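1. predicted coordinates and the sequence they were generated for:
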Amino acid sequence: MPETGFCFQVHHVDARTGARRSSLHTPHGLVQMPVFMPVGSQGTVKGIELSLLQATGTQMILANAYHLMLRPGVEVVAALGGLHRFCGWPGPILTDSGGFQIYSLAQRTQITEQAAWFRSHIDGRAWELSPEEAIRIQEALGSDIAMVLDHVVGLPSPPELVQEAAYRTVRWAQRCKQAACRSDQALFGIIQGGLDVKLRLECLARLVELDFDGYAIGGLSVGETPEQMRQVLQVVVPAMPADKPRYLMGVGRPEDILDAIALGVDMFDCVLPTRNGRNGWAFTDHGVIRIRNHQYERDERPLEEGCQCPACQRSRGYLRHLFLSGEMLGPVLLSLHNIWYYQRLIGQARQAIEQDRFLEFCLEKKRHWQKEADWEKQTYSEK
């Protein structure tokens, strides 16, 4: 890890799985792991004021170099004191380099060995993003953890394209490592390779030779099935260095997070809690509640008994009313509830690992989720 303010430690490994209870010291505070990072791509977790975000138990957030580069511009953020002061978040921040956004958002993209060329999805302006520029941007933003620039492709893709992207990701990672200057910013490599586990392992081996501060698995949740993703993770995660943080990028279904923790993953991020919240979906231990459904019109219960979030201080009937009335408070409250739920789930996972009962914890959670899913299937099939 960098000399200034970073230290990663594994404190305990669950007796029956590979689940790890670890911690990461950063210049902006200690992160207890496993950890879930809400996504604040543009310097904000959508609709959530920072004091409310802190109340959820969030320790660390993710911001995105692609979005901040386009708007307001990295020079503006730097002039206003760097990303932490700009957005007001006092804790650690991880910045993604923008490789996934170039794949998923940018228009008229062209990838060459030198750089990614694309037009902004906002105004059509032409941009060039090289590995060196990705590092310059993230260093100017001042995040605690920066990610290398990677070449992301969707799945399924032709094997030759997946291989080309994986090898280019390694070459770009080397250029990122050479360009990095800040001793107070960790740099993580990203493992690509699609569903080809041999290619993934080769990519990992080459990245380990470059000696990054942590390693991330990218290029998943881009079109493959959950089972295909699990097959990749079962091979790749145990091969990742045991003395460095392990990060699974952009994967956020609760069941997928628990499966990945069981294999030894430490870090997660996803837009799912806030995006689904804005669309009226609330995560609970008994499955997903779709609050717009008519059945909740006169429902006096909270979303989840015992939850201390602001949404659960209101009734399901009131929350449904907010969504049907187009009131902005509805999406804010459900987004908050979902972040509370994710942070509570990940906190319970940490405790279960410490007590060597993580397997039982996973099975119990999945039984509840599956029971609700089966009930919903039956209900809708009868309509």
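-> Yep, that arrived. Residues are numbered from 1 along each chain as shown.
2. show me what contacts the nearest residue to L210 once chain neighbours are set aside?
-> In this structure, L210 finds its nearest non-sequential neighbour in K177, 5.4 Å apart by CB to CB, 6 or more residues apart in numbering. Glycine gets a C-beta too; all of them are placed from N, C-alpha and C. K177 makes contact with 148, 187, 210, 212, according to CB atoms under 8 Å, 6 or more residues apart in numbering.
3. what subset of these is buried?
-> The neighbour-count criterion (16 or more other CB atoms under 10 Å) marks 148, 187, 212 among these as buried.
4. surely the residue nearest to L210 is within a helix?
-> Yes. Per DSSP: H, G, I helix; E, B strand; the rest coil, K177 lies within a helix segment.
5. against E224, how distant is it?
-> 29 Å (CB to CB, to the nearest Å).
6. could you do A146 as well?
-> Counting by CB to CB, the gap from A146 to E224 is 27 Å.
7. one more: G5?
-> Look at G5 and E224: by CB to CB, they are 37 Å apart.
8. cool, R278 as well?
-> Distance from R278 to E224, by CB to CB: 25 Å.
9. report the buried residues of the longest helix anywhere in the chain.
-> Assignment by DSSP state H gives helix 329-354 as the longest helix of the chain. Of the residues in helix 329-354, 329-346, 349-350, 352-353 count as buried by neighbour count, 16+ other CB under 10 Å.
10. same question for stretch 47-56.
-> Buried residues in stretch 47-56, counted by 16+ other CB under 10 Å: 47-48, 50, 52-53, 55-56.
11. give me the number of residues near the residue nearest to H12 when sequence neighbours are not counted?
-> Nearest residue to H12, sequence neighbours excluded (CB to CB, 6+ apart): R21, at 4.3 Å. When counting by other CB atoms under 10 Å, one arrives at 23 neighbours for R21.
12. let's number from 811 now, not from 1
-> I'll keep to 811 as the first residue from here, and by that count the last item is R831.
13. is it true that R831 touches Q819?
-> No. Using CB atoms under 8 Å, R831 is not in contact with Q819; the gap is 9.7 Å.
14. in TSV, list the buried residues of stretch 857-866 along with distance to E1012 and pLDDT.
-> TSV is the format used below for the buried residues of stretch 857-866 (distance: CB to CB, whole Å; pLDDT from 0 to 100):
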residue	distance to E1012	pLDDT
G857	42	95
I858	40	97
L860	42	93
L862	44	97
L863	39	97
A865	44	97
T866	39	98
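15. out of these, which is nearest to L1129?
-> The closest of the buried residues of stretch 857-866 to L1129 turns out to be G857 (CB to CB; 14.6 Å).
16. next, give phi and psi for that closest one.
-> Dihedral pair for G857: phi 80, psi 0, per degrees, to the nearest 10.
17. please name the residues that touch it.
-> 1084, 1088, 1138, 1141-1142, 1145.
18. contact partners for the residue nearest to P966 when sequence neighbours are not counted?
-> Closest residue in space to P966, ignoring its immediate chain neighbours: G1033 at 6.6 Å, by CB to CB, 6+ apart. Residues near G1033 by CB under 8 Å, 6+ apart: 964-966.
19. one more pass at 10 Å, please.
-> Counting by CB atoms under 10 Å, 6 or more residues apart in numbering, G1033 makes contact with 963-967, 1004-1005.
20. with P902 instead?
-> By CB under 10 Å, 6+ apart, the contact list for P902 reads 815, 834-841, 845, 847, 869-871, 894, 953-955, 996.
21. give me that answer again for 7 Å
-> 836, 838-839, 841, 870, 954 (CB atoms under 7 Å, 6 or more residues apart in numbering).
22. what's the answer for S940, then?
-> Contacts of S940 (CB under 7 Å, 6+ apart): 924-925.
23. which of the helices or strands spans the spatially most central residue of the chain?
-> Closest residue to the average C-alpha location of the chain: D1079 at 1.2 Å, with CA atoms, centre = their mean. According to DSSP states H and E, D1079 maps onto strand 1077-1080.
24. kindly report the same for L1129.
-> Going by DSSP H and E, L1129 is part of helix 1126-1134.
25. ditto for L840
-> Taking DSSP H and E as the definition, L840 sits inside strand 839-843.
26. then F1093?
-> For F1093, the element it lies in under DSSP H and E is strand 1091-1094.
27. and if you look at A1070?
-> helix 1064-1073.
28. next one: P812, what pLDDT does it get?
-> With respect to pLDDT, P812 scores 76.
29. can you verify it is assigned to a strand?
-> No. The assignment for P812, made by three-state DSSP, is coil rather than a strand.
30. so it makes contact with L997?
-> No. P812 is not in contact with L997 according to CB atoms under 7 Å; the separation is 8.1 Å.
31. spit out the residues that contact those two alike.
-> Common contact partners of P812 and L997 (CB under 7 Å, 6+ apart): D1023.
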